[in-house]
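Participant: I need the structure of the sequence given here:
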Amino acid sequence: MESKVETKITSGRGVFWLIHFAALLVSASCFAYGATIYDSLPETIPTHWGAGGRPDEWEAKSFGTAFFPLMMGAGLSVLVALVAAVVPAMVPPEKDPSDWELYRREGMIRGTVAALGGTSFLIAALIGVLTVAGWRTPDHVPAGPALMMVPLILGCLVLSYTSASRWARRTAERDGVRPTTEEQEEDRRWVGGILYNDPADPHILVPKRAGSGTGLTVNIGNRAGRTAVVVFLAVFVVLPAVFGVFLAL
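Facilitator: Residues are numbered from 1 along each chain as shown. Now for the predicted structure:
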């Protein structure tokens, strides 16, 4: 049975579903645009483009060949929304949690739902942009948007969890709820609730924070962990972003 605190702080979750709705709206808009130009598409249309953005596979025009990417994107958005719907069950509260723990958990739930919604929106936008480009300029589809996708998704994750963590602290303080000394110490060891920061711990990978799901995260408190993060960002964020900007020029 939910406590009064849980009932109070969970009442504003609905706004985050607007992000998931926006992702479906992007796909629906592209569907609508495609319907208006379908008859003008050539009888043979490209269905795959190589690394240089040039088509290398073609098929006869049909609803499936023209709209399959959008159907896939819409299906992915629905799947992500279903995952977001079960996030509260995937992040169960600890036994007899303090009021502060309930606020922190709610922030983690909201951050996860927002991160999933933002990721769904970005992927839907990418699929929509590439699909429309394939209709309008089938001889060349820009690679820049695809290369920029990983940096954008990572930025979305950081923004979602950082904002949610701040929301939890501000809302708790507004309602007169403050962490104990032990809870404050634990909070200092986490960045945005997702990255661990403990110089005394030599491990690079550590279990995720209690209440944030299962799996491992990186300890940026030691040199090896920071190096791992820098290498990851360089390979999957900086290089794709540089190539994306270069190709967009």
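
Participant: any idea which helix or strand comes after the lowest-mean-pLDDT helix or strand in the chain?
Facilitator: Sorted by mean pLDDT, DSSP states H and E, the helices and strands of the chain end with helix 4-9, the least confident at a mean of 60. Under the assignment DSSP states H and E, the closest C-terminal helix or strand after helix 4-9 is helix 17-37.

Participant: elements contacting that next one?
Facilitator: When contacts are defined as 3 or more Cβ pairs under 8 Å, 6 or more residues apart in numbering; DSSP states H and E, helix 17-37 sits against helix 63-85, helix 99-136. No exception for glycine: its C-beta is placed from N, CA and C like everyone else's.

Participant: Now the shortest one - C-alpha only, PDB.
Facilitator: The one in question is helix 63-85. Provided in PDB are the C-alpha atoms of helix 63-85 (Å, rounded to 0.1, in the frame of the first residue of the first chain):
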ATOM      1  CA  PHE A  63       3.300   0.200 -49.100                       C
ATOM      2  CA  GLY A  64       5.800  -2.100 -47.300                       C
ATOM      3  CA  THR A  65       8.900  -1.000 -49.000                       C
ATOM      4  CA  ALA A  66       8.000   2.700 -48.800                       C
ATOM      5  CA  PHE A  67       6.800   2.800 -45.200                       C
ATOM      6  CA  PHE A  68       8.600  -0.100 -43.500                       C
ATOM      7  CA  PRO A  69      11.200   2.200 -41.700                       C
ATOM      8  CA  LEU A  70       8.300   4.300 -40.300                       C
ATOM      9  CA  MET A  71       6.400   1.200 -39.200                       C
ATOM     10  CA  MET A  72       9.600  -0.100 -37.500                       C
ATOM     11  CA  GLY A  73      10.100   3.300 -35.800                       C
ATOM     12  CA  ALA A  74       6.500   3.500 -34.600                       C
ATOM     13  CA  GLY A  75       6.700  -0.100 -33.300                       C
ATOM     14  CA  LEU A  76       9.900   0.800 -31.400                       C
ATOM     15  CA  SER A  77       8.200   3.900 -29.900                       C
ATOM     16  CA  VAL A  78       5.400   1.700 -28.700                       C
ATOM     17  CA  LEU A  79       7.800  -0.800 -27.200                       C
ATOM     18  CA  VAL A  80       9.800   1.900 -25.400                       C
ATOM     19  CA  ALA A  81       6.500   3.300 -24.000                       C
ATOM     20  CA  LEU A  82       5.600  -0.100 -22.700                       C
ATOM     21  CA  VAL A  83       9.000  -0.400 -21.000                       C
ATOM     22  CA  ALA A  84       8.600   3.000 -19.500                       C
ATOM     23  CA  ALA A  85       5.200   2.000 -18.100                       C
END
